[in-house]
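K.L.:
Provided below for reference: sequence and predicted model.
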Amino acid sequence: MEIELQLMDFDLAIAKLSDPDKLGELIGKAKFVSFTKTGDEISLVIDIKNLPNHQFANEGWKAFKIIGTLDFSLVGILQQVIRPLSENGISIFAISTFDTDYILVKDEQVEIAVDVLQKTFKINK
C-alpha cells in the first residue's frame, strides 16, 4: 500500500479537560476534535481556535493525516510513518480514528518532518 499524507492547515492543542459539559457545542464548531476519557483523565485534541477553558494545554501542534480508509487488517501503517520521524528526533502524538490515523508534531518541527517524510511518502499541503 502506498501511503499518502495530508498536512492539515490548522493549529492544534492537546488539553487536559476539567469539564466535559461543553464538549457537544465544541464538536459542532471545531475543525478537529479528538476526545478520550479514561478513569484517570479527560484528554482533548482540538483546533486552537476552539480550545475551551482547561486545566492544562500543550499548544502548537500540526497534524499529518494518512489519506484514505485504513482497513483494520492492515499492519504497520502507522509504524512506517513514525519510524523515520523517530529516527530524526521528532516527537509525535498519534491519534487513530475508525478510518485513518493522524500524526501530530510540534510546530517547530513541522518543516523537518515534511523534509523527512517526503523522502518516502507523497505529502499534500
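P.N.:
Now that the structure is in, tell me what you want to look at.

K.L.:
can you map out the strands along this structure?
P.N.:
4-7, 12-16, 33-37, 42-47, 56-66, 93-96, 101-106, 122-124 (DSSP state E).

K.L.:
among these, which is nearest Val81?
P.N.:
Relative to Val81, the nearest member of the strands of the chain by Cβ to Cβ is strand 101-106, separated by 5.8 Å. From N, CA and C alone the C-beta is placed, and that goes for glycine too.

K.L.:
Tell me the strands beside that closest one, with direction?
P.N.:
Strand 101-106 has its sheet partners listed here by DSSP bridges as strand 56-66 (antiparallel), strand 93-96 (antiparallel).

K.L.:
which of these sits most buried?
P.N.:
strand 56-66 (a mean of 18; mean count of other Cβ atoms under 10 Å).

K.L.:
buried stuff in the worst-scoring helix or strand of the chain on mean pLDDT?
P.N.:
Scoring the helices and strands of the chain by mean pLDDT, DSSP states H and E places helix 23-29 at the bottom, with a mean of 78. Across helix 23-29, burial judged by 16 or more other Cβ atoms under 10 Å covers 23, 26.

K.L.:
how far does the biggest helix by length in the chain sit from the chain's center?
P.N.:
With secondary structure taken from DSSP state H, the chain has its longest helix at helix 77-87. Chain-centre distance of helix 77-87: 14 Å, with Cα atoms, centre = their mean, to the nearest Å.

K.L.:
what does it contact?
P.N.:
1, 3, 5, 64, 66, 70, 92, 94, 96, 101, 103, 105, 113, 116-117, 119-121 (Cβ atoms under 8 Å, 6 or more residues apart in numbering).

K.L.:
Could you do stretch 106-125 as well?
P.N.:
2-7, 11, 60-62, 64, 67, 80-81, 84-85, 88, 90-91, 105.

K.L.:
Mind checking which of the residues you listed are buried?
P.N.:
3, 5-7, 11, 60-62, 64, 81, 85, 90, 105.
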